[in-house]
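> Model the structure of this input:
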Amino acid sequence: MTTRNIEIRRAAYAQLRRGSAPAGIAAQRPIEIQRFYVDTSAHGRGLAHELMRHVLARAEEAGNDVVWLGVWESNARAQAFYRKWGFEVVGEHAFRLGEDPQRDLLMRRLLNTGRAAAS
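From the prediction side, this is the model:
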């Protein structure tokens with residue numbers, strides 16, 4: 001019998017959260033992309049696009065009408081990715097990281113059409 005060591009690593013994951021949405025996110029059944037991560041070793045392989053297709057399909061299947069998220073104002077790469085998927089900036093959220101004030105941009109996408117919901 002041969003023993004093999006297999007290393008398993010997570011390359012990407014997403015977390016959705018149901019519940020109310022902040023002002024600027026008009027929806028009957030909103031859902032938040034609370035976490036969306038792709039390991040840097042997997043960048044450029046299409047994994048983020050595959051994961052987003054999956055996330056949006058699950059949200060639509062669950063009957064959600066808007067998907068929204070917060071993205072750090074200085075994360076231009078993530079903002080460009082979300083814009084490619086039909087998300088638009090509709091507001092902002094200020095928070096503190098230790099003593100440092102930070103700002104997230106709030107982005108949303110209307111499900112089933114790919115256009116933003118009306119405010």
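> what does stretch 28-36 contact?
13-21, 48, 51-52, 55, 59, 62-69 (C-beta atoms under 8 Å, 6 or more residues apart in numbering). Heads up, the C-betas are built off the backbone N, CA and C, glycines and all.
> May I have that stretch as CSV, with CA atoms only?
In CSV, the C-alpha atoms belonging to stretch 28-36 read as follows (Å, rounded to 0.1, in the frame of the first residue of the first chain):
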residue,chain,number,x,y,z
GLN,A,28,-37.7,43.7,-1.6
ARG,A,29,-35.4,40.7,-1.1
PRO,A,30,-31.8,41.9,-0.9
ILE,A,31,-28.8,39.7,-0.3
GLU,A,32,-25.3,40.8,0.5
ILE,A,33,-22.1,39.4,-0.7
GLN,A,34,-20.4,39.6,2.6
ARG,A,35,-17.2,37.9,1.6
PHE,A,36,-15.7,37.3,-1.9
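> Flag every buried residue along that stretch.
For stretch 28-36, burial by neighbour count (16 or more other C-beta atoms under 10 Å) applies to 30-33, 36.
> what is Gln102 paired to in the beta sheet?
Phe95 (DSSP bridges).
> Distance check, it against Arg35.
Distance from Gln102 to Arg35, counting by C-beta to C-beta, to the nearest Å: 17 Å.
> This completes my enquiry, with thanks.
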